[in-house]
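In: Sequence and predicted structure are below.
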Amino acid sequence: MTPVQSRRVAPFALILSACLIVGCGDGSKTPKTEAGAEAGATEFERGPHNGRLLRDGDFSLEITLYEEGPEPLFRLYPYLKNKPLDPRQVQVAIALTRLGPKVDRFTFTPEADYLASPAVVFEPHSFDVSITATRDGARSAWTYQSYEGRTVIKADAARAGGVKTERAGAALLGETLPISGRVEITPEGQSEVFARYPGRVVALNASLGQRVKRGQVLARVESSESLQTYSITAPISGVILTKTVNVGTMAGTDPMLTIGDPTRLHAEFFLYPKDAERVRVGQRVEVVSQAGAHRATGVIEAILPTADPISQTLVAHVELPFQGGVWRPGLGVQGVVQVGQGDVPLAVRTKALQPFREFTVVYAKVGETYEVRMLTLGRSTSATAPSSFARTSKSPARAMTTRERADHA
């Protein structure tokens, strides 16, 4: 999941599947004129400041969003017979009904040649707009729809398209670190076979890859000192990994055979100095095969104290289950180690994140209607982690351009 923060995020359920949503466009409905009739598909009359121009007889009002400051604010320009009107002669109120529903209300005071409100117009700029204006006792009223990032998906279509939802809320954020390594037989799962006394190998019942049992006779050696023949048995059960002798070979102080138990495995992960400072014994690790077909979970059971002088890496050991032989010694593996965790107030799954214009968003669901919610993302974990989150930060979302805001005002 991805804990995230958007400005004024309501506790809506969030889209977890990208299908049907990425291609929904801006979902805008045809804007209505002040008389309530349908205008052009996406067009409306614009005023001198590139905002939406609303008319009622000789009186008109231009709606714009001003964004040269840190937050978008309404600026309204009144006109009489298409000429600027003193804003002190006009009283205006705006109500924005958002999906939910939630209503944001704005009152205005005159400044220079426009009317201004201190209230911020939060993203998304998607709402039903209701405006009332009073001038010399005459009242004008307009309503229109200004939608963006909104679409309707019927329940049957959502199920068929694999669209799933989940409620956003508090979560435990796990911070993870990717690591790589290889599978090896544990030191306890290996044993070298030596001749007790130097001598000639007179019999050998061992071949590479052969499975043997503990106590099984593997070879007979004739001692060079006593000329007596003695048996050499397997110290552990396992598979013969190496063989350095044959019949007639002289056995000395070097190992004759190496036996490994393929059920006793661990992953050896290589830790670079910047990562080694964050990795500790006991931390949880998810191990994934190179092809991604096999997974296992374990904990770091040991970190070797010395680093490789060439690669400058330390080695961390993670015990692996046998799992029917899917893990083979020498094969590479990838790992994700959980190096920290903490509570966050609001989270969504990472795969729910979608691009929308210059924003990162999720989609809120109300009934069969879905609409974008702009997010401010902070720390996030790897998408391969079992529970992947991104923590919220308090930095503001990036603002739209003046033209974009005018289009959606």
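Out: Cool, the structure landed. Owing to the predicted nature of the structure, the values given are computational and were not obtained by experimental measurement.
In: doesn't Thr369 make contact with Leu150?
Out: Just to correct that, residue 150 is Arg rather than Leu. Yes. The criterion here is C-beta atoms under 8 Å, and Arg150 meets it with Thr369 at 6.5 Å. In short, each C-beta sits where N, CA and C put it, glycine included.
In: Could you check the pLDDT of the nearest residue to Val121 once chain neighbours are set aside?
Out: With C-beta to C-beta, 6 or more residues apart in numbering as the criterion, Val121 has its nearest non-adjacent residue at 4.8 Å, and that residue is Pro72. With respect to pLDDT, Pro72 scores 94.
In: Tell me the spacing between Pro72 and Gln91.
Out: Note on Pro72: its distance to Gln91, by C-beta to C-beta, to the nearest Å, is 22 Å.
In: how deep is Gln312 tucked in, by neighbour count?
Out: Gln312 has 12 neighbours, counted by other C-beta atoms under 10 Å.
In: residues in contact with Ser140?
Out: Ser140 makes contact with Glu34, Leu54, Asp56, Phe59, Leu61, Thr132, Ala133, Thr134, according to C-beta atoms under 8 Å, 6 or more residues apart in numbering.
In: do you know how far it is from Leu85?
Out: Look at Ser140 and Leu85: by C-beta to C-beta, they are 12 Å apart.
In: what touches both of the two?
Out: Phe59.
In: Check the residue lying closest to Ile94 once chain neighbours are set aside and give its pLDDT.
Out: Spatial nearest neighbour of Ile94, chain neighbours left out: Phe106 (4.4 Å); criterion: C-beta to C-beta, 6+ apart. At Phe106, the pLDDT value in this model is 98.
In: part of a strand, is Phe106?
Out: Yes. Under DSSP: H, G, I helix; E, B strand; the rest coil, Phe106 sits within a strand.
In: Surely it and Ala116 touch.
Out: No. Taking contacts as C-beta under 8 Å, Phe106 lies outside contact range of Ala116: 9.8 Å.
In: When these two are compared, which one has more neighbours?
Out: Phe106 (20 against 17).
In: returning to what we had before: what is the nearest of the contacts of Ser140 to Leu172?
Out: Nearest to Leu172 out of the contacts of Ser140 is Thr132 (C-beta to C-beta; 47.8 Å).
In: quick one: strands adjacent to the stretch of helix or strand Arg182 belongs to?
Out: Taking DSSP states H and E as the criterion, Arg182 maps to strand 169-185. Paired strands of strand 169-185, with direction, are strand 265-271 (antiparallel), strand 332-347 (antiparallel) (DSSP bridges).
In: what's downstream of it, the next helix or strand?
Out: Using DSSP H and E, the helix or strand that directly follows strand 169-185 along the chain is strand 190-193.
In: in the strand holding Arg182, what's buried?
Out: Ala171, Leu173, Gly174, Glu175, Thr176, Leu177, Ile179, Gly181, Val183, Glu184, Ile185 (16 or more other C-beta atoms under 10 Å).
In: Including pLDDT, could those go into TSV?
Out: Shown next, in TSV, are the buried residues of strand 169-185 (pLDDT from 0 to 100):
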residue	pLDDT
Ala171	83
Leu173	78
Gly174	76
Glu175	80
Thr176	85
Leu177	89
Ile179	94
Gly181	95
Val183	96
Glu184	96
Ile185	96
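In: and which of these is nearest to Val348?
Out: Closest to Val348, out of all of the buried residues of strand 169-185 and judged by C-beta to C-beta, is Ala171, at 8.8 Å.
In: Give the bridge partners for that closest one, please.
Out: Val344.
In: wait, doesn't it sit right on Val344?
Out: Yes. Contact criterion C-beta under 8 Å: Ala171 and Val344 qualify, at 5.8 Å.
In: ok, back up a step: Pro72 and Gln91: which is more packed in?
Out: Neighbour tally, Pro72 and Gln91, criterion other C-beta under 10 Å: the higher count belongs to Pro72, 20 against 16.
In: Backbone dihedrals for the more buried one, both of them.
Out: phi -70, psi 140 (degrees, to the nearest 10).
In: same check, this time on Pro198
Out: Backbone phi and psi, for Pro198 under degrees, to the nearest 10, turn out to be phi -60, psi 140.
In: repeat for Lys274
Out: phi -70, psi -30.
In: what's the burial count for it?
Out: 8.
In: Which of the contacts of Ser140 fall in strands?
Out: Judged by DSSP state E, the contacts of Ser140 include Leu54, Asp56, Phe59, Leu61, Thr132, Ala133, Thr134 as members of strands.
In: circling back to that earlier point, run the chain-centre distance for the strand holding Arg182.
Out: 13 Å (C-alpha atoms, centre = their mean, to the nearest Å).
In: For that strand, C-alpha coordinates in CSV please.
Out: Only the C-alpha atoms of strand 169-185 are listed here, as CSV (Å, rounded to 0.1, in the frame of the first residue of the first chain):
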residue,chain,number,x,y,z
GLY,A,169,-6.4,4.9,6.3
ALA,A,170,-3.7,4.5,8.8
ALA,A,171,-1.1,1.8,8.2
LEU,A,172,2.2,0.4,9.4
LEU,A,173,4.9,1.6,6.9
GLY,A,174,7.7,-0.9,6.3
GLU,A,175,10.9,0.6,4.9
THR,A,176,12.7,-1.9,2.7
LEU,A,177,16.1,-2.3,1.0
PRO,A,178,16.8,-4.4,-2.1
ILE,A,179,19.8,-6.8,-1.9
SER,A,180,21.3,-9.5,-4.1
GLY,A,181,23.2,-12.7,-3.4
ARG,A,182,23.3,-16.4,-4.1
VAL,A,183,22.1,-19.7,-2.7
GLU,A,184,24.7,-21.9,-0.8
ILE,A,185,24.7,-25.0,1.4
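In: I appreciate the help and will end here.
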